[in-house]
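Chemist: got a sequence here, can you model it:
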Amino acid sequence: MRVGILGGGQLGRMLALEGIPLGHRFAILEPSPNPPAGGLGTVVAAAYDDMDGLARIAAAADVVTYEFENVPADSAAYLAARLPALPPPAALEVAQDRMAEKTMFRELGIPTAAFHPVDSVECLEAALAATGLPAVIKTRRLGYDGKGQAVVRTGAEAAAAVVRLGSGLIAERLVCFERELSVLAVAGRDGSRAFYPLTENHHRGGILSVSYAPAPGLTPVLQSEGEALAARVLDRFGYVGVLAIELFEAGGRLVANEIAPRVHNSGHWTLDGADTSQFENHIRAVTGMPLARPRVPGPAAMINLIGELPDLGALAGIPGAHLHLYDKAPRPGRKLGHVNVTGGDEAEVVGTVERVWALLPGEGELPRASGW
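Modeler: Presented below is the predicted three-dimensional model:
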């Protein structure tokens with residue numbers, strides 16, 4: 001089948017790498033003429049709202065999907081009127097607006113932090129009355145990897161954040177959590193579903209640094225709770241494809257933070273730590289192939305390579321370390337690749353993670369798994 005991907009970054013690259021062995025061909029809409037996914041399919045070099053580019057992708061594909069959630073909703077709707085666009089554009093639209101996202105969680109009975117819209121400094125009193133302090137002030141649209149947000153602990157800090165960030169904001173109560181988790185679900189065209197084990201995530205400067213999977217100390221009760229929350233979102237949209245939900249664990253319960261209607265950085269470990277990756281299952285889902293029920297034979301971890309690459313020769317000499325590069329030029333804060341770590345038990349995985357981490361330039365102290 002011919003698969004169109006909106007976005008040619010590392011996620012599009014890994015989707016194509018996992019989809020080609022299944023017999024699919026790829027066309028990629030991407031403003032850059034030489035994106036990381038470029039060598040894996042036909043590149044339509046155009047903006048995501050360029051009508052000619054959208055028409056060319058529609059003509060070159062039997063189904064279209066997305067590698068990131070900031071594809072213009074109008075572009076997704078244009079494509080959905082001409083061929084299957086999956087996940088559904090309605091999920092894409094909700095994920096683009098944090099206010100709509102939090103409202104959806106509330107409507108579905110999914111626990112989330114108290115929230116309130118903020119359009120000006122004059123709105124702050126009502127917003128902070130709803131959320132309390134400390135709080136997080138965020139842009140409702142765009143913003144990723146910690147960009148477009150500020151933690152505030154006083155009214156003066158909140159007012160300064162609003163002035164800096166501008167209008168179209170949301171205030172959220174700061175959640176006191178034990179750890180950050182994510183759940184990855186995948187839904188097929190035939191209504192079938194599969195779930196990956198909850199993953200424990202550690203961020204630095206708002207960017208995912210290390211993930212551990214299955215989340216240390218994961219219980220069947222917590223896994224079932226995560227799957228049930230994801231299932232409500234899948235039901236809401238008649239969803240097809242991979243869905244990620246970022247979560248906080250607070251007091252033994254899950255609190256939803258945000259959704260990503262796409263394959264997700266916290267699921268990169270599945271390339272080596274599961275018998276079917278999130279990327280393969282996403283392609284299976286959107287093309288109408290049967291889903292694979294992922295088996296996870298043991299613990300795994302994922303380490304992002306950010307800004308600068310380590311000594312690749314030394315890295316290649318570490319047993320259990322699996323390197324995935326994105327063909328991107330180094331730049332501060334840029335994700336250049338990741339290393340998956342697998343092993344027979346938690347101690348082996350942690351030992352290998354420590355060896356990989358020691359090669360990373362200037363990363364400081366390793367974020368450690370809780371309980372391993």
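Chemist: strands of the stretch 251-372 of the chain, start to end?
Modeler: Residue ranges of the strands in the stretch 251-372 of the chain, as given by DSSP state E, counting those that start in this stretch, are 253-260, 300-306, 321-325, 335-342.
Chemist: looking at the ones you listed, which is nearest to Ala130?
Modeler: Proximity to Ala130 (Cβ to Cβ) singles out strand 253-260 among the strands of the stretch 251-372 of the chain, at 16.3 Å. In this view, the C-beta of every residue, glycine as well, is placed from N, C-alpha and C.
Chemist: and the angle for the longest helix along the chain with strand 253-260?
Modeler: With secondary structure taken from DSSP state H, the chain has its longest helix at helix 220-237. Interaxial angle of helix 220-237 relative to strand 253-260 (axes from the mean of the first three to the mean of the last three Cα atoms, to 10 degrees): 40 degrees.
Chemist: hang on, the earlier thing: and the strands of the stretch 251-372 of the chain as TSV, adding distance to Tyr196?
Modeler: Shown next, in TSV, are the strands of the stretch 251-372 of the chain (distance: least, Cβ to Cβ, whole Å):
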stretch	distance to Tyr196
strand 253-260	14
strand 300-306	11
strand 321-325	17
strand 335-342	14
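Chemist: re the thing from before, quick one: strands adjacent to the helix or strand following the longest helix of the chain?
Modeler: Counting by DSSP states H and E, the next helix or strand C-terminal to helix 220-237 is strand 241-250. Paired with strand 241-250 in the same sheet, following DSSP bridges, are strand 179-187 (antiparallel), strand 253-260 (antiparallel).
Chemist: out of the strands of the stretch 251-372 of the chain, which is the most enclosed?
Modeler: Among the strands of the stretch 251-372 of the chain, strand 300-306 has the highest mean neighbour count (mean count of other Cβ atoms under 10 Å), at a mean of 26.
Chemist: against which helices or strands is that strand packed?
Modeler: Packed against strand 300-306 by the contact rule (3 or more Cβ pairs under 8 Å, 6 or more residues apart in numbering; DSSP states H and E) you find strand 207-213, strand 335-342, helix 346-359.
Chemist: what's the closest of those to Val136?
Modeler: Once the helices and strands packed on strand 300-306 are compared by Cβ to Cβ, strand 207-213 is nearest, at 16.5 Å.
Chemist: against Val186, how distant is Tyr212?
Modeler: 21 Å (Cβ to Cβ, to the nearest Å).
Chemist: which residues are in contact with the residue of the chain positioned farthest from its centre?
Modeler: Residue farthest from the centre of the chain, counting by Cα atoms, centre = their mean, is Glu122 at 33.7 Å. With contact set as Cβ atoms under 8 Å, 6 or more residues apart in numbering, Glu122 has no partners.
Chemist: again, 10 Å this time
Modeler: Contacts for Glu122 (Cβ atoms under 10 Å, 6 or more residues apart in numbering) come out as 159, 162.
Chemist: per-residue confidence at it?
Modeler: Note for Glu122: predicted pLDDT of 88.
Chemist: then Ala113?
Modeler: 97.
Chemist: so who does it touch?
Modeler: 102, 105, 131, 135-136, 171-175, 177, 248, 250, 255-257.
Chemist: what of His116?
Modeler: Taking Cβ under 10 Å, 6+ apart, we find His116 in contact with 99, 102, 123-124, 126-131, 135, 169-173.
Chemist: need the strands of the stretch 251-372 of the chain in TSV with mean pLDDT, can you?
Modeler: TSV is the format used below for those (pLDDT from 0 to 100):
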stretch	mean pLDDT
strand 253-260	97
strand 300-306	98
strand 321-325	98
strand 335-342	98
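Chemist: now Asn265, nearest residue through space, not along the chain?
Modeler: Distances taken as Cβ to Cβ, 6 or more residues apart in numbering place Leu208 nearest to Asn265, at 4.9 Å, with adjacent residues excluded.
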